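K.L.:
Got a predicted structure plus its sequence, pasted below:
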Amino acid sequence: MTGDMLAQLRIKMESLTSQQDGAECCIYRVPNSFRKVRPEAYTPQLISIGPLHHGDERLKDMEQQKLRYFKQFAEREYWKDMKVDIEDLVISIKKKEKRIRASYSENFSEITSRGFIEMIMLDAVFIIEFLMDLYDCEPDSKRVLPMIFDIREDLMLLENQLPFFIIHEIYNNAYRKEKTSIPFLNLATVYLGKYTSSQGVQNTDWDVVGSTHFTDLQRNFMLKGFIERRYIFDRFQLKYNAVMLREAGVKFQVTGDICLLNITFEEGVLKIPRLEIDYCFERLVRNIMALERCCYPFEAYVCSYSKFMDHLINSAEDVGLLVENGIILNSLGDNAAVSNMINKLCETITDTYTLYDDISKKMNTHYENRCNRRKATLKLVYFTNVWRGTATVAAAILLILTLIQTITSVKSVF
């Protein structure tokens, strides 16, 4: 009995994925605690990439487009001159099959080697051809797929990824002699980089070269220019929302910083880079946060940023204040919708510390200073604009003159 039990344990240990043995795992199933809050944010709506959603009946329609793209890829004229055959690519993927499988948090033993290689090849070629069509064609070209933005959003999902190293290899083999071709990372930067500009096609001198897949690439875009901060583990949580802080004299100032995370608070001024919130923002940020929880638990910078903004924003009035100061660019149009979205981002994050504990401590102290609140109240009530301020001063002068006149009258009587 003991021997059978040990034999079964050995089999189970041998089947462990790279997530457990610390190898190259970088693509994860989103934790249930995240998924239950908003499952559609992590689930592809149009196309399946990789094994985690492979075979989903809802996504079958795009399988034909994968085959069309593969045909387009295989029939390129210059392949004849290069003397490259599709079989060479199959062999290349076969050699890296073990490493590709190790990139996922599950082992997918039910997918045969042949089926796995075919899936990886079709998905990688789809991504390459999709990006090349965007690069080569005019916006109104018929070659560009319909629902381009929906496809792009699906390519950002953590569960919908291929490891970059295999896409790089296929892309480099196919385009290595093309004089007009650009590096794959530059191509991805231009068409899939929400937090970068079109200049990225000429420049990849920032820290995105080590990105493992598209979700990781998006995280690195968000961290571009990040002024490194350290967790101080003091657990100083921001107690007061934006409207309350304004009532204590805090000024809100938008900065031109390229990194969203570079927040500062000095001399009563909270400086925050502009945050653009549109219909794809939540989906993208949720997947980056899920990646951080799985892969970067001690470098969960985007999670920290989201938690700080959650503390700063409690209501539509807080959003309105930040919009008024240019800190939030609200493409949703509804301040209440933005507030609700921000407040739900961190529902499943139990950590009470953030990168901004030192800033939170300063802001709490500023609010709790009665002198700051009194000065701010005086300014908000009596000096909100030039006209009210002028009226306040005029009323004060009139009151003083009346008082002087009264005193003079009293003196004359005596």
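P.N.:
Alright, I've got the coordinates. Predicted model, so just to flag it, every value in this text is computed and none were measured.
K.L.:
Would you enumerate the residues in contact with the most centrally placed residue in the chain?
P.N.:
Closest residue to the average C-alpha location of the chain: residue 285 at 3.4 Å, with C-alpha atoms, centre = their mean. Neighbouring residues of residue 285 by C-beta atoms under 8 Å, 6 or more residues apart in numbering: 302, 306, 345. C-beta here means a position set from N, CA and C on the backbone, and glycine is covered the same way.
K.L.:
which residue sits closest to the first one, ignoring its sequence neighbours?
P.N.:
With C-beta to C-beta, 6 or more residues apart in numbering as the measure, residue 288 is the residue that lies nearest to residue 302, at 5.0 Å, once sequence neighbours are left out.
K.L.:
For the one you found, give me phi and psi.
P.N.:
Phi and psi for residue 288, reported as degrees, to the nearest 10, are phi -70, psi -40.
K.L.:
who does the helix or strand that residue 342 is a member of touch, helix- and strand-wise?
P.N.:
In this assignment (DSSP states H and E), residue 342 forms part of helix 335-345. Helices and strands touching helix 335-345, by 3 or more C-beta pairs under 8 Å, 6 or more residues apart in numbering; DSSP states H and E, are helix 281-295, helix 301-312, helix 316-324.
K.L.:
so after the last one, what's the next helix or strand?
P.N.:
What it means is helix 316-324. Helix 316-324 is succeeded, C-terminally, by strand 328-330 (DSSP H and E).
K.L.:
How far does that next one sit from its chain's centre?
P.N.:
Centre-to-centre, strand 328-330 and its host chain are 16 Å apart (C-alpha atoms, centre = their mean, to the nearest Å).
K.L.:
Which residues does it contact?
P.N.:
274, 275, 276, 277, 319, 322, 323, 338.
K.L.:
how about the residue nearest to the first one when sequence neighbours are not counted, what does it touch?
P.N.:
I take that to be residue 274. Distances taken as C-beta to C-beta, 6+ apart place residue 254 nearest to residue 274, at 5.3 Å, with adjacent residues excluded. Contacts for residue 254 (C-beta under 8 Å, 6+ apart) come out as 271, 272, 273, 274, 325, 326, 327.
K.L.:
what about residue 254, is that helix, strand or coil?
P.N.:
Judged by DSSP: H, G, I helix; E, B strand; the rest coil, the three-state class of residue 254 is strand.
K.L.:
For stretch 102-120, buried residues please.
P.N.:
By 16 or more other C-beta atoms under 10 Å, the buried positions in stretch 102-120 come out as 102, 103, 104, 105, 108, 111, 116, 117, 119, 120.
K.L.:
ok, now stretch 147-166?
P.N.:
Those would be 151-164, 166, for stretch 147-166 by 16+ other C-beta under 10 Å.
K.L.:
now do the same end-to-end measure for it.
P.N.:
26 Å (C-alpha to C-alpha, to the nearest Å).
K.L.:
what about it, distance to the chain center?
P.N.:
On C-alpha atoms, centre = their mean, the centre of stretch 147-166 falls 14 Å from that of its chain.
K.L.:
re earlier: so how far is residue 298 from the residue nearest to the centre of the chain?
P.N.:
19 Å (C-beta to C-beta, to the nearest Å).
K.L.:
try residue 353
P.N.:
To residue 298, residue 353 is 12 Å away according to C-beta to C-beta.
K.L.:
domains for the protein, by residue range?
P.N.:
Here the domain assignment for the chain is 19-223, 242-371, 383-413, based on automatic domain parsing.
K.L.:
Let's have those domains in JSON lines, adding mean pLDDT and distance to residue 236.
P.N.:
Output for the domains of the chain, formatted as JSON lines (pLDDT from 0 to 100; distance: least, C-beta to C-beta, whole Å):
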{"stretch": "domain 19-223", "mean pLDDT": "83", "distance to residue 236": "23"}
{"stretch": "domain 242-371", "mean pLDDT": "93", "distance to residue 236": "4"}
{"stretch": "domain 383-413", "mean pLDDT": "62", "distance to residue 236": "31"}
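K.L.:
Show me where the stretch 101-250 of the chain has its helices.
P.N.:
With DSSP state H, counting those that start in this stretch as the criterion, the stretch 101-250 of the chain has helices at 113-136, 148-154, 164-175, 184-192, 214-223, 242-247.
K.L.:
Residue 175 and residue 10: what is the separation?
P.N.:
Residue 175 is 45 Å from residue 10, by C-beta to C-beta.
K.L.:
Likewise for residue 165?
P.N.:
With C-beta to C-beta as the criterion, residue 165 and residue 10 are 31 Å apart.
K.L.:
before we move on, what about residue 228?
P.N.:
Distance, residue 228 to residue 10, using C-beta to C-beta: 44 Å.
K.L.:
Ok, residue 272 next?
P.N.:
54 Å.
K.L.:
of those two, who's got more company?
P.N.:
A direct count of neighbours by other C-beta atoms under 10 Å for residue 272 and residue 10 places residue 272 higher, at 25 against 10.
K.L.:
In three-state terms, label that one for me.
P.N.:
Secondary structure of residue 272, per three-state DSSP, is strand.
K.L.:
wait, doesn't it sit right on residue 263?
P.N.:
Yes: counting by C-beta atoms under 8 Å, residue 263 is a contact partner of residue 272 at 5.3 Å.
K.L.:
ok, now which ones touch the closest residue to residue 212 other than its chain neighbours?
P.N.:
Of all residues beyond its chain neighbours, the one nearest residue 212 is residue 26 (4.1 Å), with distances taken as C-beta to C-beta, 6+ apart. Contact partners of residue 26, counting by C-beta under 8 Å, 6+ apart, are 103, 163, 212, 213, 216, 295.
K.L.:
how close does the nearest residue to the second one once chain neighbours are set aside sit to residue 50?
P.N.:
Taking C-beta to C-beta, 6+ apart as the measure, residue 163 lies nearest to residue 103, with 4.3 Å between them; neighbours along the chain are not counted. Residue 103 sits at a distance of 9 Å from residue 50 (criterion: C-beta to C-beta).
K.L.:
okay, and the common contacts of those two?
P.N.:
With C-beta under 8 Å, 6+ apart, residue 103 and residue 50 have common neighbours residue 27.
K.L.:
Count the residues that sit near residue 71.
P.N.:
Applying other C-beta under 10 Å, we find 11 residues neighbouring residue 71.
K.L.:
any idea which element it lies in?
P.N.:
Element membership of residue 71 [criterion: DSSP H and E] is helix 61-74.
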